[in-house]
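Colleague: build the 3D model from these lines:
(one chain, ligands or ions: 2)
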Amino acid sequence: MTPRIHLHILASGSKGNAAVVEGPCGSVLIDCGISRRSLLSRADELGVDMERVQAVLLTHEHSDHVSGLSVFCNHFNGGIFATAGTLGARKYLTELPATVIDHSDCLELCGMQVKVFPTSHDVADPIGFRFEVEGSGHAPDDAVGYCTDTGMLTDQAMTELVGCRILALESNHDENMLATGPYPGYLKRRIASNKGHLSNDQAAAALQELLTDDTEVVVGMHLSQENNRPSIAVRTLSKAVGAEAADSTFTEARTPDGHLSICVASQDAPISLF
Ligand SMILES: [Zn+2]
Ligand SMILES: [Zn+2]
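Modeller: Ligands and ions are numbered 1, 2, ... in the order given. Predicted structure coming up:
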């Protein structure tokens, strides 16, 4: 694949989420769960031009994904896309001038095909995305997958996330840390359920089916600050694909041939994946 799509993760985790997918003819913002001020300063830190953003896609209605949306939209003229379930779940979302999409739609945005798929979470109608730039033949020129806040990977998610060059996949918690950690029982059960969050082990198991020779970067998303550590997530994901630590703290790993790297997104430090 040729790098035609770039992913800039501005924030990832239960305190706020936002990412910019930079396509050939504009950029798409996924979720807006941080303040406009943080969004702009983090974009600036990465050198991301927010003037290029033409569309906003929402994964679901939890506040860590939409809390900054109203203010952002006061200064935004592009399209907002979300499922009817997501838009109907919060009064201020129903008031946005948004376009309703279905969880199996295929959209054309910013020179990319955006394939929507259902995720599994305790909300109305949550979704994930595959961004693709078409090649001349059957194979895509580039593909980026984005899937977070899902207790399990749906069949459609497993189909759409295969063979992405950049794969952003939830790796929320270490199952043992969650089980023995400080959260109350109901919350532990919610997180571990099929409508909660994907564990490191679940993400690692999925990688064995999702990765192809085209995959260059896997980034673990929405890490719990209470029930996970970057080094534990990277180690677990790495084991599944035969990657080895790239630094002493095990926050990045690479396969011995250098083709595939594993890293994690963070709540506070934005990262760009090219
Ligand atoms: Zn979330
Ligand atoms: Zn959520």
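
Colleague: need the pLDDT of the closest residue to Glu216 other than its chain neighbours.
Modeller: In space, and not counting its chain neighbours, Glu216 is closest to Arg165: 5.3 Å by CB to CB, 6 or more residues apart in numbering. To be clear about C-beta, it is placed using only N, CA and C from the backbone, and glycine gets the same treatment. For Arg165, the pLDDT comes out at 98.

Colleague: go ahead and confirm Arg165 touches Met1.
Modeller: Yes: between Arg165 and Met1 there is a contact under CB atoms under 8 Å: 4.6 Å.

Colleague: and Val56, what does it touch?
Modeller: Residues near Val56 by CB atoms under 8 Å, 6 or more residues apart in numbering: Val28, Leu29, Ile30, Cys32, Leu69, Phe72, Cys73, Phe76, Gly78, Gly79, Ile80, Phe81.

Colleague: who does the first one bridge with?
Modeller: So the one you mean is Val28. Val21, Ala55 (DSSP bridges).

Colleague: I'd assumed Leu107 was in contact with it.
Modeller: No: Val28 is beyond contact range of Leu107, at 9.4 Å (criterion: CB under 8 Å).

Colleague: overlap in contacts, the two.
Modeller: By CB under 8 Å, 6+ apart, Val28 and Leu107 have these common neighbours: Val114.

Colleague: between the two, who's got more neighbours?
Modeller: Between Val28 and Leu107, counting by other CB atoms under 10 Å, Val28 is the more crowded of the two (27 against 19).

Colleague: which one of the residues in the stretch 101-250 of the chain is closest to ligand 1?
Modeller: Asp149 (4.5 Å; CB to the ion).

Colleague: in helices, which of the contacts of Val56 fall?
Modeller: The helices, defined by DSSP state H, take in Leu69, Phe72, Cys73 from the contacts of Val56.

Colleague: tell me who's in contact with Phe72.
Modeller: Contacts of Phe72 by CB under 8 Å, 6+ apart are Leu29, Cys32, Arg36, Leu39, Val56.

Colleague: next one: it from Lys15, what distance?
Modeller: 17 Å (CB to CB, to the nearest Å).

Colleague: enumerate the residues of the stretch 1-150 of the chain near ligand 2.
Modeller: Contact residues (CB under 5 Å from the ion) of the stretch 1-150 of the chain with ligand 2: His62, Asp149.

Colleague: 6 Å instead?
Modeller: The stretch 1-150 of the chain comes close to ligand 2 at residues His60, His62, His121, Asp149, as judged by CB under 6 Å from the ion.

Colleague: and what about Gly145, helix, strand or coil?
Modeller: strand (DSSP: H, G, I helix; E, B strand; the rest coil).

Colleague: go ahead and confirm it touches Cys164.
Modeller: Yes: contact status for Gly145 versus Cys164: in contact at 3.8 Å, counting by CB under 8 Å.

Colleague: out of those two, which sits in the busier spot?
Modeller: Taking neighbours as other CB under 10 Å, Gly145 and Cys164 compare with Cys164 leading, 29 against 26.

Colleague: tell me where the stretch 151-274 of the chain has helices.
Modeller: 155-160, 175-180, 185-192, 200-210, 230-241 (DSSP state H, counting those that start in this stretch).

Colleague: can you list those in TSV and add mean neighbour count and distance to Gly137?
Modeller: Shown next, in TSV, are the helices of the stretch 151-274 of the chain (neighbours: other CB atoms under 10 Å; distance: least, CB to CB, whole Å):
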stretch	mean neighbour count	distance to Gly137
helix 155-160	17	20
helix 175-180	15	42
helix 185-192	14	43
helix 200-210	20	22
helix 230-241	21	27
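
Colleague: the ones you listed: which one's closest to Pro270?
Modeller: With CB to CB as the criterion, Pro270 lies closest to helix 230-241 of those, at 14.6 Å.

Colleague: what helices or strands is that closest one leaning on?
Modeller: When contacts are defined as 3 or more CB pairs under 8 Å, 6 or more residues apart in numbering; DSSP states H and E, helix 230-241 packs onto helix 200-210, strand 217-221, strand 244-245, strand 252-254, strand 261-264.
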